[in-house]
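Trainee: Model the structure of this input:
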Amino acid sequence: MNDRDARPDAANGSVSANGANASDGVVLSGTGGTYQVLASGGATVESSLRGRLKHGAPKKSGRSDGSGEARPLKLAVGDRVTLERDSDSEGWSITSIHPRSGRLARRAPGGARGERVIVANVDQVVVVFAAAQPEPHPKMLDRFLVIAEANDLKARIVINKMDLAGASDAHGMFDVYARAGYPVHYTSVKQVVGLEELRAQIQGQTSALTGPSGVGKSSLMNALFPGLNLRTAEISESVNKGRHTTVGALLYPLPGGNGFVADTPGLREVGLWGISVSDVDHCFPEFRPLLGQCRFADCTHLV
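Mentor: Numbers count the residues shown, from 1 in each chain. The predicted model follows:
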């Protein structure tokens with residue numbers, strides 16, 4: 001079979017020759033303008049952006065960067081796309097980006113304007129913190145949760161490395177989030193604690209796995225779904241911070257085609273994007289029943 005005639009085949013998940021030259025797909029990863037795309041038949045193909053998409057597709061909906069100026073839609077991991085065979089080569093090109101149903105976004109790093117979409121078409125955000133090593137910081141967890149709420153995404157909290165901390169201490173710090181309405185899972189990969197329950201809540205979903213560096217996200221994913229073989233790193237003893245092991249968001253199909261999990265980089269620069277002061281209170285579910293009850297009509301409830 002000539003590779004030039006190959007296409008992602010919907011019947012057997014391989015690349016076969018049937019004359020077709022187009023397929024839908026899901027972006028799994030991207031580096032330097034080259035993207036790995038899971039085609040509708042199950043084959044993963046290397047592709048690049050065609051034409052105007054190289055400079056960003058017109059953004060038909062969504063928020064601006066706060067200046068009122070709409071910005072081009074940049075391709076992100078998790079985007080649903082249309083693939084077409086290049087007529088003059090053996091490669092594939094991404095010719096269109098389908099409308100998104102949800103996204104996990106953060107402020108663009110380094111002081112740049114606008115947002116950076118970490119993962120597109122997300123059903124839920126799974127925020128992973130460690131009970132110890134590195135020391136958990138609830139205020140950082142709050143910021144992750146606000147990002148999820150501001151993007152209209154369900155959030156699920158995982159407190160990992162329970163083998164390194166006392167259960168009473170961990171529950172004392174994080175049970176407040178359960179009382180606020182968030183599902184909270186306490187897990188230990190080494191002790192195989194809490195994994196089955198968490199796995200059941202991830203299957204069938206597209207989940208963005210996020211959190212600080214060094215909390216064991218990659219190890220947790222490897223334990224939940226054996227065979228992924230994600231690279232892990234130890235905690236640096238000198239600074240007690242995790243080393244980055246994932247350099248960009250990577251989307252992994254779950255076994256049997258039953259959903260996706262996106263492994264994201266540890267986010268040292270967490271920023272809120274496109275959230276006005278008047279909207280912050282709506283991002284705290286425990287506060288919503290009290291909205292409208294303040295004696296001061298213009299109160300923003302911030303200190």
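Trainee: my read is residue 96 is in a strand, agree?
Mentor: Yes: according to DSSP: H, G, I helix; E, B strand; the rest coil, residue 96 belongs to a strand.
Trainee: wait, residue 262 sits on residue 102?
Mentor: No: applying Cβ atoms under 8 Å, one finds residue 262 not in contact with residue 102, separated by 11.9 Å. Any C-beta I mention is one placed from the backbone N, CA and C, and that applies to glycine too.
Trainee: the more surrounded of the two?
Mentor: Neighbours were counted for residue 262 and for residue 102 using other Cβ atoms under 10 Å; residue 262 has more, 28 against 18.
Trainee: check which helix or strand covers that one.
Mentor: Residue 262 belongs to strand 260-263 when assigned by DSSP states H and E.
Trainee: ok, back up a step: what residues do residue 262 and residue 102 have in common as contacts?
Mentor: Common contacts of residue 262 and residue 102, defined by Cβ atoms under 8 Å, 6 or more residues apart in numbering, comprise residue 122.
Trainee: before we move on, the earlier item: what's in contact with the strand holding residue 262?
Mentor: With contact meaning Cβ under 8 Å, 6+ apart, strand 260-263 is reached by 26, 77-78, 104, 118-119, 122, 202, 205-209, 217-218, 221, 224-225, 230, 246, 249-254.
Trainee: Show me which of these are buried.
Mentor: Buried residues within those, counting neighbours by 16 or more other Cβ atoms under 10 Å: 26, 77-78, 104, 118-119, 122, 202, 205-209, 217-218, 221, 224-225, 230, 246, 249-254.
Trainee: hang on, the earlier thing: strand partners (parallel or antiparallel) of the strand holding residue 262?
Mentor: Strand pairing for strand 260-263, using DSSP bridges, gives strand 206-210 (parallel), strand 250-253 (antiparallel).
Trainee: Report the mean per-residue pLDDT for it.
Mentor: Taken as a whole, strand 260-263 carries a mean pLDDT of 89.
Trainee: ditto for stretch 34-48
Mentor: What stretch 34-48 shows for mean pLDDT is 92.
Trainee: got the buried residues for that stretch?
Mentor: With burial defined by 16+ other Cβ under 10 Å, the residues of stretch 34-48 counted as buried are 35-45, 47-48.
Trainee: neighbours around residue 79, how many?
Mentor: 26.
Trainee: Tell me which residues touch it, please.
Mentor: Neighbours of residue 79 in contact, by Cβ under 8 Å, 6+ apart: 26-27, 97-98, 100, 120-121.
Trainee: Surely residue 174 touches residue 160?
Mentor: No: assessed by Cβ under 8 Å, residue 174 is found out of contact with residue 160, at 11.4 Å.
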